[in-house]
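Chemist: below: sequence and its predicted model.
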Amino acid sequence: MGTQRRPVTMRDVAMAAGVSPKTVSNVINDYVHVRPETRALVQRYVEELGYRPQAVGRQLRRGRTGAIALAVPGIDMPYFADLAGLLVSAARERGLTVVVEQTDGDVERERQAAAGFPVRFADALIFSPLSMTPSELEASRHDTPMVLIGEHGAVDAVDHVTNDSVDIGRTATAHLTAAGRRRVAMIGYKEHPPKPVMEQRMDGYLRGLRAAGLPVDRALIRAVPEWDRGYGADAVDALLAEHPDVDAVFAANDALAIGALSALHRHGRRVPDDVAVVGVDDLPESRFTTPALTTVAIDRAFVVDKALELITSRLADPDLPPRHVVAPHRLVVRESA
């Protein structure tokens with residue numbers, strides 16, 4: 001068996017070229033104060049010997065780690081799990097690494113993330129806060145570029161990729177009313193902060209009802225502690241017990257909608273014949289529910305690509321003005337409505 005060939009080092013290149021390792025380092029890192037003939041000599045031996053600089057070392061010497069931090073409320077939340085997977089893939093194509101921090105929507109942990117901890121070693125932060133106020137998010141923090149993703153009100157001084165959740169709620173409700181549904185409930189109201197996304201989707205729901213000439217019945221707006229499947233099922237259980245004439249449900253996200261489908265099945269309600277259901281997000285599992293879920297799809301790939309675009313351009317030019325981008329959404333009609 002042959003012995004494994006030792007990797008070529010910077011010192012090997014320096015010895016072959018007759019220069020110091022410092023000079024080789026200057027050439028590798030594109031420092032300007034190197035004579036052209038010396039640069040050409042070093043580059044010749046770099047190629048002849050097959051020297052490959054360590055990418056991490058070069059990034060550190062330039063003050064960059066090549067890491068992007070993603071801070072989200074919970075990686076177990078289907079929307080953020082899918083978004084994180086898309087971000088990892090898109091970042092890898094750009095030669096970047098993603099580090100994920102879970103805040104649980106806790107305001108103190110969000111403040112730590114916005115202040116650069118515990119993601120201080122990353123070059124930039126992509127952040128989806130739930131509890132911090134717009135004024136806090138705009139306050140001076142540190143020199144790490146930050147891009148917000150999601151609906152957080154008017155945060156004018158920070159790069160932001162957001163969603164039009166008012167129109168998302170209106171689109172879902174309009175689809176239900178256009179099909180002749182007249183007792184349209186909404187599940188997903190939250191009585192306590194954080195709730196900017198909920199407020200916007202509920203605003204869209206109310207606009208959809210009014211546009212269809214339907215009265216707003218506050219008893220059909222059901223509160224939940226969190227936007228997950230179990231609470232979606234609980235909300236529909238309570239809704240049917242009090243208002244059995246409900247003929248449609250707008251769920252503020254797909255997780256709630258999937259819970260609603262389960263509860264309707266248990267109660268013997270046929271979907272969509274008796275009760276139609278529309279969610280939001282277009283999670284991968286929404287195609288595989290029974291019946292398949294009609295939903296308003298948010299283009300998460302667009303969110304990821306734009307966030308990375310804003311981050312990389314901000315790293316290249318810190319003096320750029322704040323940019324604000326709205327991600328597209330569209331109704332995906334399947335079997336539930």
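Modeler: Looks like it arrived, so ask away. Numbering: from 1, shown residues only.
Chemist: would you mark the buried spots in stretch 170-182?
Modeler: For stretch 170-182, the neighbour count (16 or more other C-beta atoms under 10 Å) marks Arg170, Thr171, Ala172, Thr173, Ala174, His175, Leu176, Thr177, Arg181 as buried. Every C-beta, even on glycine, is put in place using the N, C-alpha and C of the backbone.
Chemist: again, but for stretch 324-337
Modeler: Val325, Ala327, His329, Leu331, Val332, Arg334, Ser336, Ala337.
Chemist: out of the residues you listed, which two sit at the greatest distance?
Modeler: Farthest-apart pair in those is Val325 and Ser336; separation 30.4 Å (C-beta to C-beta).
Chemist: quick one: low-confidence ranges for the stretch 1-150 of the chain?
Modeler: Along the stretch 1-150 of the chain, the model assigns pLDDT under 70 to residues 1-6, 29-32, 52-65, 117-120, 140-143.
Chemist: quick one: the helices in it?
Modeler: 10-17, 21-28, 36-49, 55-61, 78-93, 107-114, 134-138 (DSSP state H, counting those that start in this stretch).
Chemist: can you dump the C-alpha coordinates of the longest one into PDB?
Modeler: Read it as helix 78-93. Provided in PDB are the C-alpha atoms of helix 78-93 (Å, rounded to 0.1, in the frame of the first residue of the first chain):
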ATOM      1  CA  PRO A  78     -43.500  23.200   9.900                       C
ATOM      2  CA  TYR A  79     -43.200  26.600   8.200                       C
ATOM      3  CA  PHE A  80     -39.900  27.400   9.700                       C
ATOM      4  CA  ALA A  81     -38.600  23.800   9.300                       C
ATOM      5  CA  ASP A  82     -39.300  24.000   5.600                       C
ATOM      6  CA  LEU A  83     -37.900  27.500   5.300                       C
ATOM      7  CA  ALA A  84     -34.700  26.500   7.100                       C
ATOM      8  CA  GLY A  85     -34.200  23.600   4.700                       C
ATOM      9  CA  LEU A  86     -34.600  25.800   1.700                       C
ATOM     10  CA  LEU A  87     -32.100  28.300   3.200                       C
ATOM     11  CA  VAL A  88     -29.500  25.700   3.900                       C
ATOM     12  CA  SER A  89     -29.600  24.500   0.300                       C
ATOM     13  CA  ALA A  90     -29.600  28.000  -1.200                       C
ATOM     14  CA  ALA A  91     -26.800  29.100   1.100                       C
ATOM     15  CA  ARG A  92     -24.700  26.100   0.200                       C
ATOM     16  CA  GLU A  93     -24.900  27.000  -3.400                       C
END
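Chemist: so which elements touch it?
Modeler: strand 67-72, strand 97-102, helix 254-266, helix 300-316 (3 or more C-beta pairs under 8 Å, 6 or more residues apart in numbering; DSSP states H and E).
Chemist: on that earlier part again, can I get the buried residues of stretch 170-182 in JSON lines with secondary structure, distance to Ser262 and pLDDT?
Modeler: As requested, the buried residues of stretch 170-182 are exported to JSON lines (DSSP: H, G, I helix; E, B strand; the rest coil; distance: C-beta to C-beta, whole Å; pLDDT from 0 to 100):
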{"residue": "Arg170", "secondary structure": "helix", "distance to Ser262": "26", "pLDDT": "98"}
{"residue": "Thr171", "secondary structure": "helix", "distance to Ser262": "24", "pLDDT": "98"}
{"residue": "Ala172", "secondary structure": "helix", "distance to Ser262": "19", "pLDDT": "98"}
{"residue": "Thr173", "secondary structure": "helix", "distance to Ser262": "22", "pLDDT": "98"}
{"residue": "Ala174", "secondary structure": "helix", "distance to Ser262": "25", "pLDDT": "98"}
{"residue": "His175", "secondary structure": "helix", "distance to Ser262": "21", "pLDDT": "98"}
{"residue": "Leu176", "secondary structure": "helix", "distance to Ser262": "19", "pLDDT": "98"}
{"residue": "Thr177", "secondary structure": "helix", "distance to Ser262": "24", "pLDDT": "98"}
{"residue": "Arg181", "secondary structure": "coil", "distance to Ser262": "20", "pLDDT": "97"}
